[in-house]
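Student: coords below, sequence missing:
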């Protein structure tokens with residue numbers, strides 16, 4: 001359900017969210033539920049505002065039964081930008097928690113309500129800082145890893161870490177059941193969600209890498225200037241090993257040398273990209289030379 005726009009960004013209320021609100025209302029807990037999702041909206045709006053300031057288009061913010069998501073075009077295609085956008089959410093929740101802590105002192109009559117809201121924001125910040133995709137902590141960790149390795153490898157590392165966190169949550173659920181004969185539904189849902197989300201990230205990473213590389217040609221055409229990195233490859237190297245060296249933040253020039261390290265020629269990143277459909281990832285990079 002579309003619920004209007006906030007600062008030009010479409011706000012969507014997921015159908016399951018509306019059902020959950022109805023259930024909370026029936027149980028007499030609608031007020032607390034609105035506090036939770038108000039905190040989520042504050043968290044996601046922080047992502048959107050920082051993304052907008054960095055020049056990204058924020059399409060919509062959707063509130064889900066157990067959180068929210070800000071849909072930002074091209075998020076993840078630049079390591080530095082993704083780091084700041086991802087960090088904005090947990091930071092905003094921590095700032096809100098600090099304000100609420102001061103509010104408890106200023107308005108002691110509202111201590112119980114403010115304490116609940118404080119705990120919600122602290123929990124939201126802590127959960128989102130877990131190093132698992134698509135949580136903010138996973139995006140921050142991937143952005144940091146992308147500074148020293150390619151985007152695909154960085155994503156693979158964080159996906160594996162997310163799977164380990166999912167297994168840890170499932171182990172906690174099993175332990176709780178065996179010891180206390182109760183099921184921790186929060187941990188169970190979080191484990192399933194993180195596993196499914198990590199699997200989805202792994203399935204689209206190749207497409208996202210190709211989109212990053214293709215987009216650089218248009219960006220260079222528009223900006224006319226872009227930071228450039230040169231590196232050298234032996235003519236017999238596989239094209240896939242060359243493509244793995246391409247990062248999202250710079251344009252790349254590949255110097256091709258023979259086995260005696262004599263220069264055979266040079267290829268721009270765009271030339272490598274445009275020749276890939278013809279030669280394939282396993283062809284020798286020397287075959288890409290005109």
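Tutor: Happy to help now that I have it. Because the structure is a prediction, the values reported are computed rather than measured. Numbering: from 1, shown residues only.
Student: going forward, measure contacts between C-alpha atoms and count neighbours the same way
Tutor: OK.
Student: nearest residue to the middle of the chain?
Tutor: The chain has residue 139 as the residue nearest its centroid, 4.0 Å off, counting by Cα atoms, centre = their mean.
Student: what sits against that one?
Tutor: 76, 82, 83, 86, 131, 132, 133 (Cα atoms under 8 Å, 6 or more residues apart in numbering).
Student: hang on, the fourth one in a helix?
Tutor: Yes - secondary structure of residue 86 (DSSP: H, G, I helix; E, B strand; the rest coil): part of a helix.
Student: so it makes contact with residue 137?
Tutor: Yes - with contact defined as Cα atoms under 8 Å, residue 86 counts as touching residue 137 (7.4 Å).
Student: of the two, who's got more company?
Tutor: Neighbour totals were compared for residue 86 and residue 137, and residue 86 leads with 29 against 24 (other Cα atoms under 10 Å).
Student: distance of the more buried one relative to residue 94?
Tutor: Using Cα to Cα, to the nearest Å, we find residue 86 at a distance of 14 Å from residue 94.
Student: next: residue 43.
Tutor: Counting by Cα to Cα - residue 43 and residue 94 are separated by 10 Å.
Student: the more surrounded of the two?
Tutor: Set residue 43 next to residue 94 and count neighbours by other Cα under 10 Å: residue 43 wins out with 26 against 20.
Student: tell me where this protein has helices.
Tutor: Counting by DSSP state H, the chain has these helices, from start to end: 15-26, 30-53, 79-106, 111-128, 136-145, 151-180, 185-223, 239-243, 269-279.
Student: would you map out the domains in the chain?
Tutor: 1-129, 138-223, 227-288 (automatic domain parsing).
Student: pLDDT weak spots in the stretch 101-250 of the chain?
Tutor: 148-151, 202-223, 247-249 (pLDDT under 70).
Student: now the farthest one out in the chain, which residue is it?
Tutor: residue 260 (43.4 Å).
Student: for that residue, phi and psi?
Tutor: Dihedral pair for residue 260: phi -100, psi 10, per degrees, to the nearest 10.
Student: wait, residue 132 touches residue 142, no?
Tutor: No - look at residue 132 against residue 142 with Cα under 8 Å: they stay out of range, at 9.2 Å.
Student: tell me, what's touching those two both at once?
Tutor: By Cα under 8 Å, 6+ apart, the residues touching both residue 132 and residue 142 are residue 158.
Student: excluding chain neighbours, what is closest to residue 111?
Tutor: In this structure, residue 111 finds its nearest non-sequential neighbour in residue 104, 5.0 Å apart by Cα to Cα, 6 or more residues apart in numbering.
Student: and the one you found, how far from residue 30?
Tutor: 22 Å.
Student: re the thing from before, out of the helices of the chain, deepest packed?
Tutor: Most buried of the helices of the chain, by mean neighbour count (mean count of other Cα atoms under 10 Å): helix 136-145, with a mean of 24.
Student: what angle sits between it and helix 79-106?
Tutor: Angle, helix 136-145 to helix 79-106, by axes from the mean of the first three to the mean of the last three Cα atoms, to 10 degrees: 140 degrees.
Student: report the angle between helix 136-145 and helix 30-53.
Tutor: Using the same axes, to 10 degrees: helix 136-145 against helix 30-53 is 20 degrees.
Student: chain center to helix 136-145, what's the gap?
Tutor: Distance of helix 136-145 from the chain centroid (Cα atoms, centre = their mean, to the nearest Å) equals 7 Å.
Student: what do you get for stretch 128-145?
Tutor: 7 Å.
Student: distance between the ends of that stretch?
Tutor: Stretch 128-145: ends 18 Å apart by Cα to Cα.
Student: swap in stretch 103-119?
Tutor: End-to-end distance (Cα to Cα), stretch 103-119: 13 Å.
Student: what sits up against it?
Tutor: 35, 36, 39, 96, 97, 98, 100, 101.
Student: just these now: which is nearest residue 189?
Tutor: residue 36 (17.1 Å; Cα to Cα).
Student: confidence score at the closest one?
Tutor: pLDDT for residue 36: 80.
Student: not counting its neighbours along the chain, what's nearest residue 228?
Tutor: Closest to residue 228 by Cα to Cα, 6+ apart is residue 251, at 4.6 Å.
Student: for residue 265, same thing?
Tutor: residue 256 (5.3 Å).
Student: which ones are touching that neighbour?
Tutor: Residue 256 touches 232, 233, 234, 235, 263, 264, 265, 266, 267, 285, 286, counting by Cα under 8 Å, 6+ apart.
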